[in-house]
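J.: Sequence plus the predicted model coming up.
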There are 2 protein chains.
Amino acid sequence: MKNYKIVVTGKNGIFDPAGETSKNALRNLGYDGVESLRIGKYVELETQDDVTGAQVEEMCEKLLANPVIEDYRIEVVQP
Amino acid sequence: MKNYKIVVTGKNGIFDPAGETSKNALRNLGYDGVESLRIGKYVELETQDDVTGAQVEEMCEKLLANPVIEDYRIEVVQP
């Protein structure tokens, strides 16, 4: 088995309503020191050994991220 | 400024419909080697220097995660 951790985040300049709402909610709770907050997606992927890193990248391009508005990075989890 | 990366994931045994759907979609696209896929939340938080780690933990407990069904881990980004 191979394990990957994938982080998908909005590209710079793309509006992030969930992050903005959470930031304002935290400030309303009294955490005035919160300057910025952005929310992305975190994916834990487990594959069979014959799946290549290039294929995982394809999965990100096709399905897990929207490359028009999102960046992603793939981290291989060492066994 | 301080920077934190927070990963929020469903606890073991909590059903993850988004992950399940993505897994099936990838298999339908031909990626038969996908064994499991779980989706969580990724938060990039920037705060003023006087915000403590304990306060960030509080933010997770109160708002960023649902501690009943989710785990979270906080990583301090070294400047």
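T.: Structure's in. What do you need?

J.: give me phi/psi at the residue of chain A most remote from its centre?
T.: Seen from the C-alpha centroid of chain A, the residue lying at the greatest distance (CA atoms, centre = their mean) is A:Gly30, 27.2 Å away. For A:Gly30, the backbone dihedrals (degrees, to the nearest 10) come out as phi 110, psi 0.

J.: tell me which parts of chain A are close to chain B?
T.: Taking CB under 8 Å from any CB of the partner chain as the contact definition, chain A meets chain B at A:1, A:7-9, A:19, A:22, A:25-26, A:29, A:31-48, A:50-51, A:55, A:59, A:62-64. (C-beta placed from N, C-alpha, C; glycine too.)

J.: Which members of these are positioned in strands?
T.: A:7-9, A:34-47 (DSSP state E).

J.: Can I have the buried ones of those as a PyMOL selection?
T.: Command for PyMOL, covering only those of those found buried under the criterion 16 or more other CB atoms under 10 Å in any protein chain shown:
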select buried, chain A and resi 7+8+9+34+37+38+39+40+41+42+43+44+45+46+47
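
J.: Having no further points to raise, I will conclude here.
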